[in-house]
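>>> sharing a model that was predicted from the sequence below.
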Amino acid sequence: MSFFVYISFMCFCYILYSKSLDKYYIGSSCEDLQERLRKHLSNHKGYTSKTKDWIIVYFEEFPDKSSAYKRELQIKSWKSKIKIIELIKDSAGYSIPI
């Protein structure tokens, strides 16, 4: 007798916000979002190392890394803080610190 173990995982496109910088960070990952946030808040080199007050303000789920990354690039291509704020405000259940 054989059986298959089906492991389901989701990937995410997410937006972080830092009140002290008044900046947004857009990323994608197939890690648990809380674990990914923990890494952003840890001591490391990179954009999010500038401060330790990042919070998740928005995320979307995707079935694979490629789709999540494609959405990340799409949002980054807007180059518009106003459009990012509108995206966050338009999504049910999310609040944006202003």
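Received, thanks. Residues are numbered from 1 along each chain as shown.
>>> specify the local secondary structure of the closest residue to Ser49 other than its chain neighbours.
The shortest distance from Ser49 to any non-neighbouring residue, by C-beta to C-beta, 6 or more residues apart in numbering, is to Asn43 (7.2 Å). From N, CA and C alone the C-beta is placed, and that goes for glycine too. Under DSSP: H, G, I helix; E, B strand; the rest coil, the three-state class of Asn43 is coil.
>>> so Gly27 sits in a strand?
Yes - according to three-state DSSP, Gly27 belongs to a strand.
>>> picking up where we left off before, how many neighbouring residues does the residue nearest to Ser49 have?
6 (other C-beta atoms under 10 Å).
>>> state the phi and psi torsions of it.
Main-chain torsions, Asn43, degrees, to the nearest 10: phi -70, psi 120.
>>> the residue nearest to Trp78 when sequence neighbours are not counted and Ala68, how far apart?
For Trp78, ignoring the flanking residues on the chain, the nearest one in space by C-beta to C-beta, 6+ apart is Ile84 at 6.9 Å. Going from Ile84 to Ala68 by C-beta to C-beta, to the nearest Å gives 17 Å.
>>> higher neighbour count, those two?
Shown here are Ile84 and Ala68; by other C-beta under 10 Å, Ala68 has more neighbours (23 against 20).
>>> work out for me the element the more buried one sits within.
Per DSSP states H and E: Ala68 is located in helix 65-78.
>>> what comes into contact with that helix?
11-13, 15, 26-30, 60, 62, 84, 87 (C-beta atoms under 8 Å, 6 or more residues apart in numbering).
>>> re the thing from before, what helix or strand is the residue nearest to Trp78 on?
Per DSSP H and E: helix 81-90 holds Ile84.
>>> list the buried residues of that helix.
Within helix 81-90, the residues scored as buried using 16 or more other C-beta atoms under 10 Å are 84-85, 87-88.
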